[in-house]
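K.L.:
turn this into a structure:
(chains A and B)
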Amino acid sequence: MNSVVWQWCRKILGSPMFWIAGFFAIFPFIPYIGEFISMGTEVLIWCLFAMGFNILLGYTGLPSFGHGAYFGIGAYALGITFKHLIQGVWIPLILGVLVGTLFTAGVGLLIARKRGIYFALLTIAFSQMFFFVAFRWDEVTGGETGLSGVDRMSVGIPSLFSIDLSSGLNYYYFVLAIFAVSMLVIWRIVHSPFGRVLQAIRENEVRTKYVGYNTTAYKWASFTLSGLFASLAGCLHVLLQNAAFPEVLEWTKSGDVVMMTLLGGGMVNFYGSILGASIFIIFRDLLSSFWESWLLLYGSVFVIIILFIPNGILGILTQKKGRAVLK
Amino acid sequence: MAILQTENLTKSFGGLTAVDHINLVVEANCITSIIGPNGAGKTTLFNLITGILKPDSGKISFGGEDITNLPIHKIVSKGISRSFQVLNLYDELSVEENIWIGIQAHQGHGKELFSHVNRLPAVKERTYEIIRVIGLAGKENETVKFLPYGERRLLELALSLTLEPSLLLLDEPMSGLGADERPRILEFIRDLSQRVSMILVEHDMDAVMSISERIAVMYQGRLLAEGTPEEIKQNDEVQDAYLGGLR
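P.N.:
Predicted coordinates:
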């Protein structure tokens, strides 16, 4: 009995997931940096986005340069639900994720057969299309000015307890809980037999067809799953900002998530996307407060990474040269 | 009994008819070899049977069932597997991971999203069994691209076998091998033919003549002759077109 408990403890303590969630749990209480609750929340949201995106990029090997679209669609779907249908937290959130996922699934049906450059181009084309719709359709999306006044309300069980999410700290922990659960779910997905098929497709799609897998269906599922987490992240982002702006749909957002994944080493390590997203957001906030032309430095860093350390930071740290299966 | 049959199977690329009204009958439980000079249409025929190319006209039936125009994975699930002339493996993955993906497919685990790969003992057991059979025990964790060519050839065969097919299409399984490595593969194929029907494309005439029960000769997209190895050796047309003095 004791040994079973001991084994579980060892397993939990041995998992980086525990330490990542633990770090974020004490983050608000760390002196000096703990004050930046809003930035911390944004880091978590982007980590969630990047982790989900990595199912597609790192594990399936499909380069999407348009995933900002599903982040944005989730965001707008939540905002529109909140403004026009029903106020609250859960229903707009669930509807936001649902709509974002449905859009991803629909686009996925059209592009899952494509590969390489055609796949990448189509993802960009669709994201631009959604951006212009959000930008122009004033009556629904608020056009250029976006949707504002998406307030964070309370969650809880009536007459038992209630947590007011309008407090920055409470919202941080709300996002952390969703992040932690999602991390666990995504970890399970990529380490499942299904995840193995995705990696097989990345390594050799033709052979994977010849061992009997309908690779198109798997690519579609991977695309849709990553879209689900993208729209979840988008929803949380709207609630953080209390508003949805067309910028969330812009192609630069799609580029950011690719860069985060590559920077941290998402191509070779499950935790790469989390590391990449954290570094990206923290340095963006730091740099942009010191120097207007910070994007110049960012662009250069990106070029250097692609050229010299394609496996990202964790790729260097773990010395994984050419080992493809992600552990 | 015929396991595979093609009727007037035709495929053109632009002006070139690579496969021209082929009527081929492949008997079950034996090795049928397809021979012919380069460009005769052998690999195109394989690609048509396995579904990566769609025929312009004609019909393919497998075990009495029409499989023309089915997608690859459906054809595979009916029991047709193939190996490739140019090695087509998961180069970056280990030997174990290569075989694993095939076994996992055969045992039908691909759609499980939340079970852990480490908790599939049946898949693991079968994977190690196959690795032992092809003589790569002890090399389970080696990355495939670093294996010697001969062992990768074996792995190419083994990966096709993970699906326990009833018909196996081997596209030049000995291509690129040295004379010293050929017997190992040939022996392996011979053993295999006890259990699986096979279609073999191979240029090594000694091997083909010794191992095949039936031989079909293709020339410029057409089926020139078909028969036992002896009949093919005696066929004048074949002699002129291809064999050139083997008699």
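K.L.:
flag every buried residue along stretch B:92-105.
P.N.:
Buried residues in stretch B:92-105, counting neighbours by 16 or more other CB atoms under 10 Å in any protein chain shown, are found at B:92-105. From N, CA and C alone the C-beta is placed, and that goes for glycine too.
K.L.:
mind putting those in JSON lines, distance to residue B:72, secondary structure and pLDDT included?
P.N.:
Formatted as JSON lines, the buried residues of stretch B:92-105 follow (distance: CB to CB, whole Å; DSSP: H, G, I helix; E, B strand; the rest coil; pLDDT from 0 to 100):
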{"residue": "B:92", "distance to residue B:72": "22", "secondary structure": "coil", "pLDDT": "88"}
{"residue": "B:93", "distance to residue B:72": "20", "secondary structure": "coil", "pLDDT": "89"}
{"residue": "B:94", "distance to residue B:72": "25", "secondary structure": "strand", "pLDDT": "90"}
{"residue": "B:95", "distance to residue B:72": "24", "secondary structure": "helix", "pLDDT": "91"}
{"residue": "B:96", "distance to residue B:72": "24", "secondary structure": "helix", "pLDDT": "90"}
{"residue": "B:97", "distance to residue B:72": "21", "secondary structure": "helix", "pLDDT": "91"}
{"residue": "B:98", "distance to residue B:72": "18", "secondary structure": "helix", "pLDDT": "92"}
{"residue": "B:99", "distance to residue B:72": "20", "secondary structure": "helix", "pLDDT": "93"}
{"residue": "B:100", "distance to residue B:72": "20", "secondary structure": "helix", "pLDDT": "91"}
{"residue": "B:101", "distance to residue B:72": "15", "secondary structure": "helix", "pLDDT": "91"}
{"residue": "B:102", "distance to residue B:72": "14", "secondary structure": "helix", "pLDDT": "90"}
{"residue": "B:103", "distance to residue B:72": "19", "secondary structure": "helix", "pLDDT": "91"}
{"residue": "B:104", "distance to residue B:72": "17", "secondary structure": "helix", "pLDDT": "89"}
{"residue": "B:105", "distance to residue B:72": "12", "secondary structure": "helix", "pLDDT": "88"}
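K.L.:
give me the subset of those touching chain A.
P.N.:
B:92-94, B:97, B:100-102, B:104-105 (CB under 8 Å from any CB of the partner chain).
K.L.:
switch those residues over to a markdown table; also include distance to residue A:67.
P.N.:
Listed next are these as a markdown table, based on distance: CB to CB, whole Å:
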| residue | distance to residue A:67 |
| --- | --- |
| B:92 | 25 |
| B:93 | 26 |
| B:94 | 31 |
| B:97 | 28 |
| B:100 | 30 |
| B:101 | 27 |
| B:102 | 32 |
| B:104 | 28 |
| B:105 | 29 |
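K.L.:
for the chain, just list every one of the strands.
P.N.:
By default, I'm working from chain A. Ranges of strands in chain A, per DSSP state E, are A:147-148, A:154-157, A:161-164, A:243-244.
K.L.:
that answer is for a different chain, and I need it for chain B
P.N.:
Using DSSP E, strands in chain B cover B:2-13, B:16-22, B:25-27, B:31-35, B:57-62, B:65-66, B:80-83, B:167-171, B:197-201, B:214-219, B:222-227.
K.L.:
for residue B:208, state which of the ones next to chain A among the buried residues of stretch B:92-105 is nearest.
P.N.:
Taking CB to CB as the measure, residue B:208 sits nearest to residue B:102 out of those, at 26.8 Å.
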